[in-house]
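Undergrad: below are the sequence and a predicted model for it; my questions follow.
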Amino acid sequence: MKRLTLCGSLLAIVGSAIGFTVPATAIEAIFRSTTQSLSLPFNNDEQLIIHRVTVPAGSKVITYSVTTYNFEVGEFVRCGLRADGSFVEQHTAAVGGGISATNAATISGVTYRTSSVPYTLDLVCSHDGAGTSIPNIEAYAELAVF
């Protein structure tokens, strides 16, 4: 008897919850992913645009992930997001420096941005260091906007 009562109570709770649930709405999302490795520009601080998208007006969560590697002299790699040319966030990793160093690193970030008008969003990366090595960006650098 108790089992039937518990089962009936659960059905009543679920049924009442369904009656008051607002229908689900789809979240409009933008997603980009590279398919091949990219070399950063030779010059220090010269930015390479990995992805460029137009973001519609509204409140958005933006996330990105880039893996960079370098097997030569150590370099700093900076990746970040620019909205209409101005940085909204940026992160840095040191890569390279030989066998005992960290030759690869993943740079990622998450931010929240509200805009009353559409804007151009760029995922960009650059490097700087004393050496002449050029770090690379691994395939599957990702940008997502929801």
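TA: That came in fine, so what should we check first? Being a predicted model, the structure only gives us computed values, none of them experimental.

Undergrad: what residue is smack in the middle of this protein?
TA: Centrality entry for the chain: nearest residue to the mean C-alpha point is residue 64, 0.9 Å, by Cα atoms, centre = their mean.

Undergrad: show me what contacts that residue?
TA: 51, 79, 81, 108-109, 123, 141-144 (Cβ atoms under 8 Å, 6 or more residues apart in numbering). Heads up, the C-betas are built off the backbone N, CA and C, glycines and all.

Undergrad: now these in a markdown table, with neighbour count and distance to residue 71?
TA: Compiled in a markdown table, the contacts of residue 64 are given as follows (neighbours: other Cβ atoms under 10 Å; distance: Cβ to Cβ, whole Å):
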| residue | neighbour count | distance to residue 71 |
| --- | --- | --- |
| 51 | 21 | 25 |
| 79 | 29 | 19 |
| 81 | 23 | 27 |
| 108 | 13 | 22 |
| 109 | 17 | 25 |
| 123 | 24 | 24 |
| 141 | 24 | 19 |
| 142 | 17 | 23 |
| 143 | 22 | 26 |
| 144 | 18 | 29 |
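
Undergrad: report the contact partners of residue 91.
TA: 78-80, 107-109.

Undergrad: and for residue 85, the neighbour number?
TA: 8 (other Cβ atoms under 10 Å).

Undergrad: pLDDT score assigned to it?
TA: We have a pLDDT of 95 for residue 85.

Undergrad: gap between it and residue 47?
TA: Between residue 85 and residue 47 the distance is 11 Å, computed by Cβ to Cβ, to the nearest Å.

Undergrad: again, but for residue 114
TA: Residue 114 is 25 Å from residue 47, by Cβ to Cβ.

Undergrad: ok, residue 140 next?
TA: According to Cβ to Cβ, residue 140 and residue 47 sit 20 Å apart.

Undergrad: the two: who's more crowded?
TA: A direct count of neighbours by other Cβ under 10 Å for residue 140 and residue 47 places residue 47 higher, at 16 against 13.
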